[in-house]
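Engineer: I would like to see how this sequence folds:
(one chain, ligands or ions: 2)
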Amino acid sequence: MAAEIIDGKAIAQTVLAKARAAASAFTPRAGRPPGLAVVLVGEDPASQVYVRNKSREAEAAGFRSEQHNLPVTTTEAELLALVARLNADPGIDGILVQLPLPRTIDTDRVLMAVDPAKDVDGFHPVNVGLLGSGATARALVPCTPAGSLILIESVLGPSLAGKQAVVVGRSNIVGKPIAQLLLQRDATVTIAHSKTADLAAVCRRADVLVAAVGRPEMIRGDWIRPGAVVVDVGINRIPAPERGEGRTRLVGDVATREAAEIARAITPVPGGVGPMTIALLMANTVTAAHLREGLPRPVFGA
Ligand SMILES: NC(=O)C1=CN([C@@H]2O[C@H](COP(=O)(O)OP(=O)(O)OC[C@H]3O[C@@H](n4cnc5c(N)ncnc54)[C@H](OP(=O)(O)O)[C@@H]3O)[C@@H](O)[C@H]2O)C=CC1
Ligand SMILES: Nc1nc(=O)c2c([nH]1)NC[C@@H]1CN(c3ccc(C(=O)N[C@@H](CCC(=O)O)C(=O)O)cc3)C=[N+]21
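Structural biologist: Numbering: from 1, shown residues only. Ligands and ions are numbered 1, 2, ... in the order given. The predicted structure is shown next:
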């Protein structure tokens, strides 16, 4: 039996509709729209595409939207000065510094300089700590993990009690926060990584399998537990000579076609987690705006 293909694009649209509605109720109450500033250092073409999509969505949601494109030669001091200016701007609720930053810049120092109340990526240690201690009512939760959870919820509902969840990948921006969210929903969580022995066997235990590795189609069909829900966070651009000379295509970390023979449900790439990430950025910006104005936190889940 073929798996349900979880439609991340459609579910992202429902989140975006809620974010737009919350923004249009917020604007007259606060006397200003929610504001989002996206900062890009350098000219990585993939980052340019993502940043442009983020700014476009922010405008469609009725936000004040700023995009700051800085040259690759920008110093850490210059970037910190921009962050300080955005922190001090009362009309800016969300600050996103696109990663990766050039190697000449200390990423942690920049992420720690963002006002935690404006940290719509959820990368500041204050928000990491709030998430880890279960204080999610006040935390800004990272976009990709929050979006992944909504996709899981669309199949299994809010409770993961009794389920085994396996997250492959332990990065601070994806793997670890996803594991925290799954734990909070009462899943029994395993975090696997490059030093894990017999990864295939670990994955085979998963009722919920999240792949956040960055290795094209590494996770094969026979690693999937029959009936599992599979979330493929990976975004890998690989050569696609069948599409013509020099062409490429996007694939995830899971061999989707193989896995779909075994799984209950699976997210596609593209059209799965990626669109959710952008939608949750808009949701987090509206949330930050409400919290900063002392208004009740809006709800964006399924
Ligand atoms: N859809 C979206 O919106 C987003 C997608 N992504 C994508 O998700 C993927 C992961 O991103 P990110 O977390 O930032 O990546 P990182 O490179 O920071 O982390 C990758 C993780 O995978 C682990 N890993 C690497 N190779 C293996 C292996 N052979 N077996 C098991 N584990 C392995 C690493 O282990 P170790 O810690 O031991 O090195 C590490 O924990 C990428 O493809 C990225 O493009 C990222 C952000 C958003
Ligand atoms: N501070 C910061 N925050 C981030 O959230 C962040 C970041 N830095 N750096 C890079 C990663 C990657 N990321 C993606 C967002 C959207 C898609 C997305 O929309 N993907 C589409 C396809 C897009 C395409 O065709 O290229 C999809 O999967 O359907 C993908 C990846 C956010 N990231």
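Engineer: how about low-confidence regions in the chain?
Structural biologist: Filtered on pLDDT under 70, the chain yields the residue ranges 1, 302.
Engineer: domains of it?
Structural biologist: Domain ranges of the chain: 30-127+279-292, 143-275, per automatic domain parsing.
Engineer: and ligand 1, which of the ones you listed is closest to it?
Structural biologist: Evaluated with C-beta to the nearest ligand atom, the domains of the chain place domain 143-275 nearest to ligand 1, the distance being 3.1 Å. Backbone N, C-alpha and C define where each C-beta goes, glycine included.
Engineer: for the helix or strand harbouring Leu182, the distance to its chain's centre please.
Structural biologist: For Leu182, the host element (DSSP states H and E) is helix 175-184. Distance of helix 175-184 from its chain centroid, counting by C-alpha atoms, centre = their mean, to the nearest Å, is 12 Å.
Engineer: Check stretch 63-78 too.
Structural biologist: From the chain centre to the centre of stretch 63-78 is a distance of 21 Å (C-alpha atoms, centre = their mean).
Engineer: gap between the two ends of that stretch?
Structural biologist: 26 Å (C-alpha to C-alpha, to the nearest Å).
Engineer: let's number from 38 now, not from 1
Structural biologist: Okay, residue one is now 38; in that scheme the one you just asked about reads as stretch 100-115.
Engineer: Which positions in it come out as buried?
Structural biologist: The neighbour-count check on stretch 100-115 (16 or more other C-beta atoms under 10 Å) flags Phe100, Arg101, Ser102, Glu103, Gln104, His105, Thr111, Glu113 as buried.
Engineer: got it, and stretch 298-318?
Structural biologist: 299-306, 308-318.
Engineer: Report the contact partners of the closest residue to ligand 2 within the chain.
Structural biologist: Residue of the chain nearest ligand 2, by C-beta to the nearest ligand atom: Gly311 (2.2 Å). Applying C-beta atoms under 8 Å, 6 or more residues apart in numbering to Gly311 gives the contacts Gly45, Ile272.
Engineer: host element of it?
Structural biologist: Assigned by DSSP H and E, Gly311 belongs to helix 310-329.
Engineer: Would that helix count as contacting ligand 1?
Structural biologist: Yes: using C-beta under 6 Å from any ligand atom, helix 310-329 reaches ligand 1 at Val310, Gly311, Thr314.
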